[in-house]
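**Q** Provide a 3D model corresponding to the input given below.
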Amino acid sequence: MSPIAGAVLISCFLLGAGLVPDLLQPVSAAVPATYDFSPYPECAKNESLEKKNVPKLASQFTIKVEGKTTDKDNKFEFFDSEGYYEAEGQRGATILYQDGKKTTYLYDFITGKAYDISYQTCQQQRLYPSGCNAYAIFIAELAGHSTAVADQCQFVGGPVNYLGDKETIRTIPVREWSQCVYDHKTRTLSISRYYYNKDNVTTPFGSANTPIRFENVVINGSSADQNKTFTYDFTYYVPTVEDEAVFLPESGTFCPNWTREVKAMPKLADQFTLNLLTVAQSAKEVHSLRMNFDYKKQLVTFITDSQSATRFPVTGNKSRSVYRSVHDYKSGLAFTSPFEPFSISRKSCNITIIDGSTMDSRTSTTSNTSAIHIRHANGLFGLNTDGWVYIGQKEFKDTDCDVWACLQPNVSGKSILVEAYWMQGKWTSNGEPVLYGMIQYESNLTNKKENETYTTVVSDYTSVPMPQRVFEVDSCLRTSHPIVLTFSLRVPDASNATTRSVAFTGALREALSLEMAISPLRLPDFTIRKPSDSQQQLQVYVTILEWVNVTARALPASVAQKDSREAVDALLKKVAANDLDLKINFNGQNQTVTILKNSTTGGADVTKPTVVPGPTSTTPSHSDAGSTVAPAGSPAAAAAAAAPAAVQDSGYTGGSMAGLAIAMILIGGVAGLVAGFLLWKRNTGIAYQVYD
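**A** Next comes the predicted model:
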C-alpha cells in the first residue's frame, strides 16, 4: 500500500464514522498540486534511514478494522468496518458499523459510480469528480488510480520514511513507516504511521505483509481537529474475497441505475413443469404448488392443498385434501376435482369459468367486450414487466445464480421489490434456462409492522414436452356409455409409433380433434395395435367423451361443440368413400398419416382390446355422478358464472381449488400480488379453511 493510500484510508474511515468534515464536496480544478512540508521537521526526508517501500496489498483482499478517535479533551469514538477490494473487477466495498447502524458503500471504478446503502435504501453518487469518499480513493490508489487521487481528491503526500522495527502492537512485532499528508480541501496537515508485521512473523492467514495498525495525528488544522488522533487496528486481512456478492447490493435493496453490466433476463419456455414452495417469513406460512403449463395447447394444470397455506405453529385437527385444476383456455373453462391418483374413482368434479384473476390468466377488453386469455410463460411471474435490472451473480440455496431485480415503489401503499434467480452455466433443462427461485420484499409505506418477505424455491423444473394425461379432465366429462371410435391408420413406421406410443398418440390427438372440431380433452384414451403382417398400418381405438354445456368468455370465442354422436357421424361420412389425411408432428418432424376409407366404426358398443402392447393411458373409468354442470341458460348456470359451485366431497367447497395456494399469486408479478389474491377470494365467494 502506498503511503498516500494509507492516509486516504484513514480519512475514509473518519468520513464513514462521521469523525471528519464531509469530503463529498465539488472539486475545484484550480487546486495546487504540491505543498511545502519544509516548515515541519517531522515531515522531512531522513536520508540516514534505510530505504524501504511500504508493502503493497494484494490485488484482491478482505480486511476488518476497529477504529478509534481521540480528541484533545481525550474523548473517544469507536466504529468497526469491513473492507473488500478486487482489482480485476475494478470494484470495492466497505461495511461500516457505528452507533448501532450498518452502512454499506459500494464502489465501481468502471462506471465511476458509488452507492451508499443504509436500511435497505440505496443512494447513487458519482465517485469522480463530484466528491471523494476516502475509502473509495484508498482502493482506487491500489487499483492504479493514483493520479485521480492527487488531482481530484486534493491529497498531497510528503516524503516517506522507513523507521525500522518497533516495539510490539497488540503483542505483534511490527515495522513502521511515516509520512505527512496535506488535505487541500480541509486545509489539514497530518502525520500518518503505518505498521506491518515483521518479515519473520507469520500471521494466522499466512500473509507475509499484513497491515497491523494505522495512526493519523493532526499536526496543523482547525482548532477542533488539532492534535486529534485516529487509530485503526487491522484485526483481519486475507488476500482473497470469499463471496463476491459483497460487491453487489444486498438482497432486499434496490440501487437505482445499477448498470455495472447490462444483461437480458432469460425467458421461460412455452411449456414446462415445476413445483413451487413459498415461505412467508413474517406470517410463518408455507405454500406449495405444482404446475404444468403449455402455452401452445392453451392448457394449465395446478395441483395444491385445499388449505391456502400451512401456518406455524400447526394446531388443531382440520381435514385437508389435495385438489387438481385444469384451465382450458380454448374453452375458457376450469375443471377442478380432488386429486386422488390411487383412487379407483373420483367422486366429483367442479366446472367453472376462468375469471381472469388467477396467475395464469389475463383479461382484454375490446368494444366493451372482455375476454380471458392465457398469459405467456414470462407473464406468470411478472418477468415480462418493465424495470428488471441485472444485479450480478449470487448464491441462492447454495447454487450460483444470475440475479435480476425489479422495484415497484408504490403499489396500493406498498413498496414491492422482486428478485429473480436463474441458474448459471450448464444448469439447463432441454437446453432452456432454469428459473431457480424468487424473493419478494413487501414494505408497507405506512405501517412497517406489516412488512413481509416471500421466498419461493422452484424445483423439478423441466421444459420437456408433457404427455396429454397431465391435462386430462375425463372425470369431469365421462358418461356412463362413452363412444369408442376405431379405424385403420396408415403410418410411415408402425413399429416406431408403437414404441413411442405416448408421443405418437399425443400428436394424433391434436390432429384428430382438429379434424372433428372438438376439444382434445374429449379424447382421453388412445389404444394402438400393430398387425403382425404390416409395418405401415395401425389399428387405433379412441374414446370420445361428451362436452359440457357451459358458455365461457375466451378468445377464440367459445363455440358450442358437437356432441359425440354428431362428431363421429361427420367423420364416418368423410371416410366412407375416401382416405383422410391428417398432418401430425412426431419425432420432431411433420408427417402425414391416413385414415383408410371404410375402416372407421364408432359407437357405444365398440369394444377396445383388453391387452395392448406398449404404454397406454393410465386414466381409469369414472362415473360423472358428481358433476355440477348446469343446463345452459338456467339460473344455476348464471350463478356458476359468478361464483364456483360446491363440490360435494368430504365437506370441501369446489372453490377451494380456485385458490390454488397463495403461492400462485405471491410470485405472479410485481404489483398488488397479495391484495390481488384476497380480492380474488372475495369476488368469487370462495370458502377456504385455515388453521386457528
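**Q** Counting neighbours, what do you get for the closest residue to T231 other than its chain neighbours?
**A** Distance criterion CB to CB, 6 or more residues apart in numbering; nearest residue to T231, sequence neighbours excluded, is K68 at 4.8 Å. All C-beta atoms are positioned from the backbone trio N, CA, C, and that covers glycine. Look at K68: counted by other CB atoms under 10 Å, it has 15 neighbours.
**Q** Next up, the contacts around K68.
**A** 76-78, 230-232 (CB atoms under 8 Å, 6 or more residues apart in numbering).
**Q** Residue nearest the middle of the protein, spatially speaking?
**A** With distances taken as CA atoms, centre = their mean, the residue of the chain nearest its centroid is A420 (2.0 Å).
**Q** in the protein, which spans are helices?
**A** Secondary structure of the chain (DSSP state H): helices located at 3-17, 134-142, 146-153, 377-380, 474-477, 494-499, 501-516, 564-574, 635-642, 656-659, 663-666, 673-684.
**Q** thinking again about what came up before, for PyMOL, what selects the buried ones among the contacts of K68?
**A** Remark: buried members of the contacts of K68, expressed as a PyMOL selection using 16 or more other CB atoms under 10 Å:
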select buried, resi 77+230+231+232
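**Q** Of the contacts of K68, which belong to strands?
**A** Counted as lying in strands by DSSP state E, out of the contacts of K68, are 76-78, 230-232.
**Q** Using JSON lines, please lay out those together with pLDDT and distance to I172.
**A** Shown next, in JSON lines, are the ones in strands among the contacts of K68 (pLDDT from 0 to 100; distance: CB to CB, whole Å):
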{"residue": "F76", "pLDDT": "81", "distance to I172": "23"}
{"residue": "E77", "pLDDT": "84", "distance to I172": "24"}
{"residue": "F78", "pLDDT": "87", "distance to I172": "21"}
{"residue": "F230", "pLDDT": "85", "distance to I172": "20"}
{"residue": "T231", "pLDDT": "88", "distance to I172": "15"}
{"residue": "Y232", "pLDDT": "87", "distance to I172": "15"}
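**Q** Show me which pair in those is furthest apart.
**A** The span of the ones in strands among the contacts of K68, defined through CB to CB, is set by F76 and Y232 at 13.8 Å.
**Q** Give me the neighbour count for L508.
**A** 24.
**Q** gap between it and R187?
**A** Distance, L508 to R187, using CB to CB, to the nearest Å: 87 Å.
**Q** ditto for K102
**A** 32 Å.
**Q** Check I212 too.
**A** Distance, I212 to R187, using CB to CB: 30 Å.
**Q** So for those two, which sits in the more crowded spot?
**A** Using other CB under 10 Å, the more surrounded residue of I212 and R187 is I212, with 24 against 12.
**Q** Go ahead and confirm that one touches F234.
**A** Yes: counting by CB atoms under 8 Å, I212 touches F234, with 5.9 Å between them.
**Q** How many neighbouring residues does S251 have?
**A** Residues near S251, counting by other CB under 10 Å: 19.
**Q** pretty sure it is in contact with I439, am I right?
**A** Yes: assessed by CB under 8 Å, S251 is found in contact with I439 at 6.2 Å.
**Q** For R490, which non-adjacent residue is spatially closest?
**A** Counting by CB to CB, 6+ apart, the nearest residue to R490 once its immediate chain neighbours are dropped is T594, at 4.3 Å.
**Q** List the residues that contact the one you found.
**A** If you count contacts by CB under 8 Å, 6+ apart, T594 has them with 489-490, 579-582.
**Q** Please spell out the PyMOL selection for the buried subset of these.
**A** To isolate the buried members of those in PyMOL, using 16+ other CB under 10 Å:
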select buried, resi 489+490+580+582
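**Q** what ranges do the strands span in the stretch 151-300 of the chain?
**A** For the stretch 151-300 of the chain, applying DSSP state E, counting those that start in this stretch gives strands covering 155-169, 172-183, 188-197, 211-220, 229-238, 271-280, 285-294, 299-305.
**Q** Adding distance to Q424, write those out as TSV.
**A** Listed next are the strands of the stretch 151-300 of the chain as TSV, based on distance: least, CB to CB, whole Å:
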stretch	distance to Q424
strand 155-169	41
strand 172-183	42
strand 188-197	39
strand 211-220	35
strand 229-238	25
strand 271-280	18
strand 285-294	23
strand 299-305	28
